[in-house]
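S.K.: What shape does this take:
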Amino acid sequence: MDTSYPREDYLPAPSHKRESSPTVLAVGASPTPRDHLVWSIFNTIYMNFCCLGFVALAFSVKARDRKVAGDVEAARRFSSKARCYNTLATAGSVVLPLLLAALLITGVIHLSKLAQESVSFFTYQFSGSDDEDK
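M.R.: Take a look at the predicted model:
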């Protein structure tokens with residue numbers, strides 16, 4: 001009794017048929033560009049710094065239209081512009097409030113020190129002995 005696996009009588013016979021359509025691999029093909037539409041909508045609604053979110057939204061819609069039309073190069077250009085405007089809108093909307101908060105905090109600290117100095121100036125007690133009169 002032969003117990004070796006795989007058994008030769010159960011192996012499938014090699015097929016000599018050719019496939020009707022060969023497999024085509026696109027080497028070096030770049031993926032379709034992203035349109036950044038969700039990011040643009042977010043910047044338009046929540047963080048519209050100098051209307052940059054709206055401009056980014058316009059370029060995102062143009063990028064999506066060009067991608068649907070099949071013009072990948074124009075879609076890539078519009079996508080790049082949308083990403084740039086979205087980055088500027090996000091950075092401006094995050095950096096500007098942080099800068100204003102830092103200015104407010106330093107202003108409060110400066111005013112509190114100035115108030116302490118003015119209180120100490122006005123509460124200065126002159127000594128009881130006047131050496132100039134004698």
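S.K.: what's the spacing between whichever strand or helix holds residue 100 and its chain's center?
M.R.: Using DSSP states H and E, residue 100 maps to helix 72-122. The chain centre lies 16 Å from the centre of helix 72-122; the measure is CA atoms, centre = their mean, to the nearest Å.
S.K.: likewise stretch 31-38?
M.R.: That offset, for stretch 31-38, works out to 14 Å (CA atoms, centre = their mean).
S.K.: before we move on, what about stretch 33-52?
M.R.: Using CA atoms, centre = their mean, the offset of stretch 33-52 from its chain centre is 10 Å.
S.K.: got the CA positions of it in PDB?
M.R.: Output in PDB follows, covering the C-alpha atoms of stretch 33-52 (Å, rounded to 0.1, in the frame of the first residue of the first chain):
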ATOM      1  CA  PRO A  33      -5.300  62.300  -7.600                       C
ATOM      2  CA  ARG A  34      -7.300  63.000  -4.400                       C
ATOM      3  CA  ASP A  35      -9.700  65.900  -4.600                       C
ATOM      4  CA  HIS A  36      -9.600  66.800  -0.800                       C
ATOM      5  CA  LEU A  37     -13.300  67.600  -0.900                       C
ATOM      6  CA  VAL A  38     -14.100  66.700   2.700                       C
ATOM      7  CA  TRP A  39     -11.200  68.700   4.100                       C
ATOM      8  CA  SER A  40     -12.300  71.700   1.900                       C
ATOM      9  CA  ILE A  41     -15.900  71.400   3.200                       C
ATOM     10  CA  PHE A  42     -14.600  71.300   6.800                       C
ATOM     11  CA  ASN A  43     -12.400  74.400   6.200                       C
ATOM     12  CA  THR A  44     -15.300  76.200   4.600                       C
ATOM     13  CA  ILE A  45     -17.800  75.500   7.400                       C
ATOM     14  CA  TYR A  46     -15.700  75.500  10.500                       C
ATOM     15  CA  MET A  47     -12.400  77.300   9.900                       C
ATOM     16  CA  ASN A  48     -12.900  79.800   7.100                       C
ATOM     17  CA  PHE A  49      -9.800  81.900   7.500                       C
ATOM     18  CA  CYS A  50      -9.800  84.800   4.900                       C
ATOM     19  CA  CYS A  51     -12.200  82.700   2.700                       C
ATOM     20  CA  LEU A  52      -9.300  80.200   1.900                       C
END
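S.K.: I appreciate the help and will end here.
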